[in-house]
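> Just need the structure, nothing else, for what follows:
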Amino acid sequence: MKAQLVSDKELIRKYLDGNQIGLEKLIHRHKNRVFAYILMIVKDKQLADDIFQDTFIKVINTMRAGSYKEEGKFVQWVMRIAHNLIIDYFRKAKRIPVIDNNSDEFDIFDTIKFQDASVEDKLIKEQIHEDVRNLIEFLPAEQKEVLFMRHYFEMSFKDIAEQTDVSINTALGRMRYALINLRKLIEEKEIILSQ
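Residues are numbered from 1 along each chain as shown. You can find the predicted model right below:
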């Protein structure tokens, strides 16, 4: 049997049974897609390398701990891990204060926010985001993928089409159906998405 014909599921099973080559083949099979995805978002090769390595470290640790659940395609699971690590990186980067030293005049008041959102506003906003993320999980995989790429990664439909190997019209159609299905879910579950 040729190596190309072995499914991801079979390679995962081999790795979990102690065959390291199963993992090597999985990484080799998906590394270009995962790395290209990370690089397209972070736009920095060194940072993309770091996040790529962190992604597969997390994949290996999760599989070794026996926490991997076969709930869909392996590559989609890996992409979700990469996505979460990218978000974590940007969240941490936002917390680091940056001072622009290009101008001679520095005014500390330019860097201070005068009004932060109240705790209640933050909690409501977090709950709304959590509700939306939970609803997105009910969407078919293709619609979910396009929705994440468009809204969370702010990718163009051209980039989404290239990344998912479909036409732009297909990517647009998936997005349209994702939004229609989200509206139906919001009505069915009677969720309020406003502050």
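
> what ranges of the protein fall below the confidence cut-off?
Scanning the chain for pLDDT under 70 picks out 1-4, 71-72, 94-124, 192-195.

> middle-most residue in it, spatially?
The residue lying closest to the centre of the chain (Cα atoms, centre = their mean) is His83, at 2.5 Å.

> was I right about that one contacting Phe148?
Yes - in this structure, His83 is within contact of Phe148 by Cβ atoms under 8 Å, at 6.8 Å. Every C-beta, even on glycine, is put in place using the N, C-alpha and C of the backbone.

> picking that back up, contact partners for the residue nearest to the centre of the chain?
Residues near His83 by Cβ atoms under 8 Å, 6 or more residues apart in numbering: 148, 152-153.

> Narrow the residues you listed to those that are buried.
By neighbour count, with 16 or more other Cβ atoms under 10 Å, the contacts of His83 hold 148, 153 as buried.

> quick one: the residue nearest to the centre of the chain and Val166, what's the gap?
Distance, His83 to Val166, using Cβ to Cβ, to the nearest Å: 19 Å.

> same check, this time on Arg29
Distance, Arg29 to Val166, using Cβ to Cβ: 20 Å.

> again, but for Lys73
According to Cβ to Cβ, Lys73 and Val166 sit 15 Å apart.

> ok, these two, which is more surrounded?
Val166 (16 against 13; other Cβ atoms under 10 Å).

> excluding its backbone neighbours, what's nearest Leu23?
In this structure, Leu23 finds its nearest non-sequential neighbour in Tyr15, 4.3 Å apart by Cβ to Cβ, 6 or more residues apart in numbering.

> My guess is that neighbour contacts Lys9. True?
No - using Cβ under 8 Å, Tyr15 is not in contact with Lys9, being 10.9 Å away.

> more neighbours, those two?
Taking neighbours as other Cβ under 10 Å, Tyr15 and Lys9 compare with Tyr15 leading, 20 against 11.

> Please, which helix or strand holds the more buried one?
Using DSSP states H and E, Tyr15 sits within helix 8-16.

> Please name every helix or strand in contact with the helix or strand just after that helix.
As assigned by DSSP H and E, the chain's next helix or strand after helix 8-16 is helix 20-42. Here helix 20-42 touches helix 8-16, helix 45-64, helix 74-95, helix 157-164, going by 3 or more Cβ pairs under 8 Å, 6 or more residues apart in numbering; DSSP states H and E.
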